[in-house]
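> Need coordinates for the following:
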Amino acid sequence: MARIALKVDVDTLRGTREGVPKLLSMLSAARAQATFLYSLGPDHTGWALRRVFRPGFLKKVSRTSVVSLYGVRTLMYGVLLPAPDIGRKGAAEMRAARAAGHECGIHTWDHVYWQDNVRGRDAAWTRRQMQNAFDRYTDIFGEAPPTHGAAGWQMNDDAFRQIDDWGMAYASDGRGVTPYIPTVDGVACRHVQMPTTLPTLDELIGVDGWTEENVHEAILRLTAAPADARDHIFTLHTELEGGKLAPVFEKLLAGWRAQGHELVSMATWYRHLDRSTLPQLPVTWGEIEGRSGQLIIQP
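Next comes the predicted model:
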C-alpha cells in the first residue's frame with residue numbers, strides 16, 4: 001500500500017468560500033486527509049488573461065472551459081471588478097479545514113502576481129510577498145504556517161532561502177518524482193522539497209480521449225499496484241475538484257481507496273521520509289506536458 005498526499009491549492013476567493021467546504025465534505029466521506037495551501041491576499045485572477053500571448057496557453061484553455069471552471073465574476077477580479085481580499089473574506093472557511101483535522105499552509109499572497117513575476121524578481125520583492133502571506137496566515141490561525149507550496153510551481157532562489165529562514169522542514173514547490181534536498185548556488189537548503197509527482201486533472205482532460213467524466217481512470221492507471229507501489233503527491237485545486245470536477249474527483253478518491261492507498265497530508269508523508277537518503281539536487285526549470293510555460297522541476 002502506498003501513501004498519496006493530497007495537496008490542495010486554493011487560488012481564489014470563490015475557491016476558498018465554495019470549493020473548500022465542498023472538498024471537506026468529500027474528504028470526510030473518503031476518510032482522507034489533505035494539506036490546504038491558501039492564497040491569502042488579493043484575488044487578481046483577471047490578470048491571468050494576459051497569458052493568452054504565452055506559448056501553449058491557448059492550447060491548454062481550448063481543452064478546458066476556463067469560464068465554467070472559475071466563473072465569470074472571478075475572471076473579472078482585478079480587471080472590471082476590484083480584487084477582493086481572500087484572507088479577510090475567507091478566513092472562516094480556511095479555519096474550517098484545520099478544524100476538520102487537515103494541515104494548512106501558505107500557497108501565496110497574490111497568486112497571479114506571484115506566478116507571473118517571481119522568476120525575475122529580486123530578494124526584496126520576493127521576501128515581501130512571502131512575508132505578507134506569512135503574516136496573514138498567522139493572523140488567521142494564530143500560529144506560524146508549517147509548510148509552503150508555490151503558486152503555479154513558480155519560485156526563485158530567494159524564495160527557497162526564505163523557506164529555510166522560516167524554519168520549515170518541508171515544502172512542495174515543484175514537480176518531480178521523489179523528495180530531495182534543493183541546492184541554491186551549490187549550497188544545500190535545510191528543508192526537503194516534496195514535488196507533485198502525478199499529473200493534475202486539467203493537464204489530462206482533452207488528451208488521449210480523457211474527459212471530465214473519465215479522467216480519473218488515467219490517474220488510477222498511474223497508481224495501480226504492483227506496477228507503481230511508490231508514494232505520490234497529487235495536487236488538486238478547490239476551483240476545479242471543489243467545483244465542476246467534483247464528480248470525477250469523488251471517483252478518483254473511491255478508486256484510490258479500492259487500490260488500498262492511504263490518503264494523507266503532506267505532514268504525514270514527510271514523517272515517513274528518511275532525510276539521510278535524499279539526494280541533493282539543484283533548482284531547475286523545465287516544462288510539463290499539458291501545462292504552459294516553465295516551472296520548477298526535479299532535474
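> give me the low-pLDDT residue ranges for the stretch 151-299 of the chain?
Counting by pLDDT under 70, the low-confidence segments of the stretch 151-299 of the chain come to 226-229.
> which stretches of it form helices?
In chain order, the stretch 151-299 of the chain shows helices spanning 157-166, 201-204, 216-223, 246-259, 266-271, with DSSP state H, counting those that start in this stretch as the criterion.
> Whichever strand or helix holds residue 5 - contacts with which helices or strands?
Remark: residue 5 resides in strand 3-10, with elements defined by DSSP states H and E. Packed against strand 3-10 by the contact rule (3 or more C-beta pairs under 8 Å, 6 or more residues apart in numbering; DSSP states H and E) you find helix 20-29, strand 35-39, strand 232-237, strand 262-264, helix 266-271. (Each C-beta comes from the backbone N, C-alpha and C, glycine too.)
> residues in contact with that strand?
Here strand 3-10 makes contact (C-beta atoms under 8 Å, 6 or more residues apart in numbering) with 16, 19-20, 23, 27, 32-39, 94, 107, 149, 151, 172, 194, 196, 223, 231-238, 256, 261-266, 268-269, 272.
> next helix or strand past it?
Heading C-terminal from strand 3-10, the first helix or strand you meet, by DSSP H and E, is helix 13-14.
> follow-up on the earlier one: could you identify which of the helices of the stretch 151-299 of the chain is most buried?
Here the criterion is mean neighbour count by mean count of other C-beta atoms under 10 Å, and of the helices of the stretch 151-299 of the chain the winner is helix 201-204, at a mean of 22.
> In this structure, where's the longest helix?
Longest helix in the chain by number of residues (criterion: DSSP state H): helix 123-141.
> and the angle for it with helix 157-166?
Helix 123-141 runs at 40 degrees relative to helix 157-166, counting by axes from the mean of the first three to the mean of the last three C-alpha atoms, to 10 degrees.
> What residues sit buried inside helix 123-141?
Judged by neighbour count (16 or more other C-beta atoms under 10 Å), helix 123-141 contains these buried residues: 126, 127, 129, 130, 132, 133, 134, 136, 137, 140, 141.
> Go ahead and confirm the third one touches residue 106.
No: contact between residue 129 and residue 106 fails when scored by C-beta atoms under 8 Å: they sit 10.6 Å apart.
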